[in-house]
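Engineer: pasted the sequence and its predicted model underneath.
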Amino acid sequence: MRTKLFVEIAISFAVMGALLFGAAGTLAWTNAWLWLLEWSACAVWLGLWLARENPALLAERLKPIAQREQQAWDRVFLACVAFAWCAWLCLMGLDAVRLRGSHMPVWLSVIGAAMVFVDIYATRGVFAANAYAAPVVKIQHERGHTVVDTGPYAYVRHPMYGYALLLLLGTPLMLGSWWGVACVPPMVLALAWRAVREERALAENLPGYRAYSERVRYRFVPGVW
């Protein structure tokens, strides 16, 4: 399983690097190298932690984004997300380097790097609390899927989505692209749409989820939404 983890991280590094540097038209883009290295190092750290603490969840996380048990609408959604993510990386490469359309101070890039790290570090708390945190929307009957209301789930219904907001904003800040930042609001709206659809599926198919959603009011950020 660790071999598969390293292979997937290496492939992701190569694909995202090709998109960023291909759009930029050069390999001389320090911030992109730093972003790729930070993402990869954190992914390795989180993956190895999961391999030790919950290998079943790691196996679930390493499955493809299109699965037979998955909600049909979620397959379409994740395919669109994959395309949008690739297009977003290309856009930031064009903007920040090839066209030089954005000028961002170094301190904002540092803040962006910190946000990316906090997102991945905080995700460990999500995985520690929720052994059913699959990347796709489905009910995991074979794994005894139950409602989780401990850890960050005691405060928001989708803590991983909430933390993902840090990654979505931190990435364009670190890469130095205002065009990338401008894409964040529609991406957040798309994530919110998925959260609402996911809750409907869970309320219909997972015993106790409806009561949980009534007890925990907020989805992403306590006191906000």
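Structural biologist: Looks like it arrived, so ask away.
Engineer: next, name the residue at the spatial heart of this structure.
Structural biologist: residue 164 (5.1 Å; Cα atoms, centre = their mean).
Engineer: and that residue, how far from residue 63?
Structural biologist: Residue 164 sits 19 Å away from residue 63 when distances are taken as Cβ to Cβ, to the nearest Å. Every residue, glycine included, has its C-beta placed from N, CA and C.
Engineer: what's the burial count for residue 82?
Structural biologist: Neighbour count for residue 82, taken as other Cβ atoms under 10 Å: 11.
Engineer: hmm, I was thinking of residue 71
Structural biologist: 18.
Engineer: ditto for residue 156
Structural biologist: Using other Cβ under 10 Å, the number of residues around residue 156 comes to 21.
Engineer: just the buried residues of the helix or strand where residue 81 lies, please?
Structural biologist: Per DSSP states H and E, residue 81 falls inside helix 72-93. For helix 72-93, the neighbour count (16 or more other Cβ atoms under 10 Å) marks 74-75, 77-78, 81, 88-93 as buried.
Engineer: and if you look at stretch 36-48?
Structural biologist: 36, 38-40, 42-43, 46-47.
Engineer: who touches it?
Structural biologist: 2, 5-6, 9, 12-13, 16-17, 20, 58, 113, 116-117, 120-121, 123-124, 127 (Cβ atoms under 8 Å, 6 or more residues apart in numbering).
Engineer: same check on stretch 187-201?
Structural biologist: 71, 73-74, 77, 80-81, 84, 88, 137, 139, 157-158, 161, 164-165, 168, 209, 213, 219-220, 225.
Engineer: tell me the angle the strand or helix carrying residue 38 makes with helix 72-93.
Structural biologist: Element membership of residue 38 [criterion: DSSP H and E] is helix 30-53. Per axes from the mean of the first three to the mean of the last three Cα atoms, to 10 degrees, the angle that helix 30-53 makes with helix 72-93 is 150 degrees.
Engineer: which residue is the nearest non-sequential neighbour of residue 103?
Structural biologist: residue 176 (7.9 Å; Cβ to Cβ, 6 or more residues apart in numbering).
Engineer: for that neighbour, give me the pLDDT.
Structural biologist: We have a pLDDT of 96 for residue 176.
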